[in-house]
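Undergrad: sharing a sequence plus its predicted fold:
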Amino acid sequence: MKKLFLIFLSLFCISCTGLTAFTQHTANPDDVQKLMAKGALELMTPQERKDYEAGKTVNMIGFQSASRGVVLDKLTSMANLSKGKIDEDVVTAIAMMEKYSGTIFVSDNNDVFVRTIMYLGQSEEGRKLLKGSRFLFINNFNESKVRELAQKYNFKYSFPKLDN
C-alpha cells in the first residue's frame, strides 16, 4: 500500500510540473488561431507555403481526446501499459497517422501524440511512420520530451509561442 501511495504521489508531482502549460495560453479562439497559423507555417513544405499564400487549403488534422485530467490520464495510460494494452487514444492516433501520412497533426492540451510517438518508437515499422511526420503542439506541455524524441526518431514539430 505504501509503495502504491508513493507511486501515485510521484506521478502527481511529475504531472504538476506540466500544469503551467495549460495556463500559458488563454482559451481565446483568436490566440489559438494565431498559434496554429504560426506553427503550421513553421512545419509547411515550400509547396504548402506557396499554396497557403495563394489562398489554397493546407490540410492539418487535429486530435482531441476525452481527457480525464493530467493525473488520471497518466494513471490510466500506465495501467494499460502494465496490462500490455495500448491506450485507445494511441490506437486512434496511429490509425490517423497511417491514413493521412504527410499531414500536419495538431495536438491541443493533451499528451496523446507524445504517448503515440513513444509507442511507435519501439518498432522498426513505427519508426518508419514517424520519420518525416509533423506535429504541431498548441502549448508547451512535454516540450522537452518531444524535442528529445524528435532527435531520436527524425520527425518535425512546432511549439509556437504568442508574441507578447
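TA: Great, that's in hand.

Undergrad: residue ranges of the helices in this protein, please?
TA: Ranges of helices in the chain, per DSSP state H, are 2-16, 21-24, 29-43, 46-53, 70-82, 88-99, 112-120, 124-130, 143-153.

Undergrad: any buried residues in the third one, and which?
TA: For helix 29-43, the buried set under the neighbour-count rule, 16 or more other Cβ atoms under 10 Å, comprises Val32, Leu35, Met36, Gly39, Ala40, Leu43. Backbone N, C-alpha and C define where each C-beta goes, glycine included.

Undergrad: pull up the gap between the fifth one and Phe155, please.
TA: Per Cβ to Cβ, to the nearest Å, Ala40 is found 16 Å from Phe155.

Undergrad: got it, and the fourth one?
TA: With distances defined as Cβ to Cβ, the gap from Gly39 to Phe155 amounts to 14 Å.

Undergrad: now do the second one
TA: Counting by Cβ to Cβ, the gap from Leu35 to Phe155 is 19 Å.

Undergrad: over to the third one?
TA: Met36 sits 18 Å away from Phe155 when distances are taken as Cβ to Cβ.

Undergrad: for the last one, same thing?
TA: Taking Cβ to Cβ as the criterion, Leu43 is separated from Phe155 by 10 Å.

Undergrad: what residues are shared contacts of the two?
TA: Arg134 (Cβ atoms under 8 Å, 6 or more residues apart in numbering).

Undergrad: quick one: least confident helix or strand in this protein?
TA: helix 21-24 (a mean of 37; mean pLDDT, DSSP states H and E).

Undergrad: quick check, Leu35 in contact with Ile138.
TA: Yes: the criterion here is Cβ atoms under 8 Å, and Leu35 meets it with Ile138 at 5.4 Å.

Undergrad: this completes my enquiry, with thanks.
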